[in-house]
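>>> only geometry, no sequence info:
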């Protein structure tokens with residue numbers, strides 16, 4: 001509601017960058033708090049931080065710009081310009097989007113992206129420590145590097161994606177690039193090279209983050225965006241919640257980390273196939 005169609009990709013990137021910046025800041029912050037004040041204090045800090053966006057949303061961000069006391073008519077007109085003609089307005093029920101192939105292709109592609117993100121996020125520190133023999137002290141920068149690179153590419157490619165009509169090119173690049181980077185990280189003998197390739201994988205993941213949401217928003221009716229977003233995010237997050245367990249099972253007691261990484265590669269390639277189909281279909 002708050003952003004014109006031609007600026008949706010960069011608008012999505014602005015909030016999705018939190019997926020990268022959150023761990024980059026949160027992990028060392030909470031670790032420091034736990035180390036100096038215990039785990040209970042870290043919970044109080046997290047609770048306090050969570051109140052900040054609640055206050056901002058409640059007082060500064062009504063559902064539409066027309067309801068805001070901070071917008072003038074020129075801004076409202078700019079935001080709403082092209083919102084009907086530039087998007088595929090759904091006809092029929094709010095849930096008619098579930099019958100669309102394009103919607104489910106985006107969902108599976110986003111599921112693949114989320115699977116690589118959460119699988120990598122969960123197992124990256126252990127992999128670097130156990131399989132690649134980095135000390136916990138050495139891993140400080142290496143563990144934060146993927147999120148830094150991911151934050152940069154999320155913002156950068158959100159801006160770039162607004163200039164393209166066919167936005168599925170970015171999920172295609174993101175998923176195939178991340179899959180190949182993880183594959184190379186698993187196979188390369190050099191430990192530092194492996195760590196840098198895993199960082200590159202997160203950078204690739206960031207290149208497509210805003211485009212999944214923009215493609216979905218542009219291809220369902222305005223009245224259906226909330227329901228479509230709920231289905232898309234629900235499927236992706238519920239599905240990817242099992243990924244760390246699956247990766248752990250594949251690693252097994254023998255410590256075969258390559259098996260776990262190859263599973264993430266397969267998820268990336270599955271998502272890339274869906275993204276290519278979307279691209280061919282003109283999305």
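Received it, and whenever you're ready, just let me know what you need. Just so it is clear, the structure is predicted and the values come from calculations on it, not from any experiment.
>>> contacts and neighbour counts: CA atoms only from here.
Fine.
>>> What does the pLDDT read for residue 253?
With respect to pLDDT, residue 253 has a value of 68.
>>> Just give me the neighbour total for residue 276.
Using other C-alpha atoms under 10 Å, residue 276 has 20 other residues around it.
>>> Secondary structure element holding the closest residue in space to it that isn't next to it in sequence?
Excluding the flanking residues, the one nearest residue 276 by C-alpha to C-alpha, 6 or more residues apart in numbering is residue 172, at 6.0 Å. Using DSSP states H and E, residue 172 maps to helix 169-187.
>>> list the buried ones in that helix?
169-186 (16 or more other C-alpha atoms under 10 Å).
>>> Skip ahead from that helix and say which helix or strand is next.
Next element after helix 169-187 (DSSP H and E): helix 191-218.
>>> Give the full set of residues in contact with the residue nearest to residue 276.
Applying C-alpha atoms under 8 Å, 6 or more residues apart in numbering, we find residue 172 in contact with 208, 271-273, 275-276.
>>> between these, which is closest to residue 241?
Taking C-alpha to C-alpha as the measure, residue 241 sits nearest to residue 271 out of the contacts of residue 172, at 16.7 Å.
>>> For that closest one, which non-adjacent residue is spatially closest?
residue 109 (4.1 Å).
>>> still on that earlier bit, relative to residue 208, how far out is the residue nearest to residue 276?
Using C-alpha to C-alpha, to the nearest Å, one gets 8 Å for the distance from residue 172 to residue 208.
>>> Report the distance from the helix or strand where residue 121 lies to the chain centre.
Using DSSP H and E, residue 121 sits in helix 101-126. In terms of C-alpha atoms, centre = their mean, to the nearest Å, the centre of helix 101-126 is found 8 Å from the chain centre.
>>> where does the stretch 151-283 of the chain have low pLDDT?
253-254 (pLDDT under 70).
>>> mind running it again at 90?
Applying pLDDT under 90 to the stretch 151-283 of the chain flags residues 192, 195, 218-225, 251-258.
>>> what's in contact with stretch 6-18?
By C-alpha under 8 Å, 6+ apart, stretch 6-18 touches 3, 150-151, 154-155, 157-163, 209-211, 213-214.
>>> Which among the residues you listed count as buried?
Neighbour counting with 16+ other C-alpha under 10 Å marks 3, 150-151, 154-155, 157-159, 161-162, 209-211, 213-214 as buried within the contacts of stretch 6-18.
>>> and the residue most central in space within the chain, how far is that from residue 197?
In the chain, the centroid-proximal residue (C-alpha atoms, centre = their mean) is residue 209; its distance is 4.6 Å. From residue 209 across to residue 197, the span is 19 Å (C-alpha to C-alpha).
>>> Likewise for residue 212?
On the measure of C-alpha to C-alpha, residue 212 and residue 197 end up 24 Å apart.
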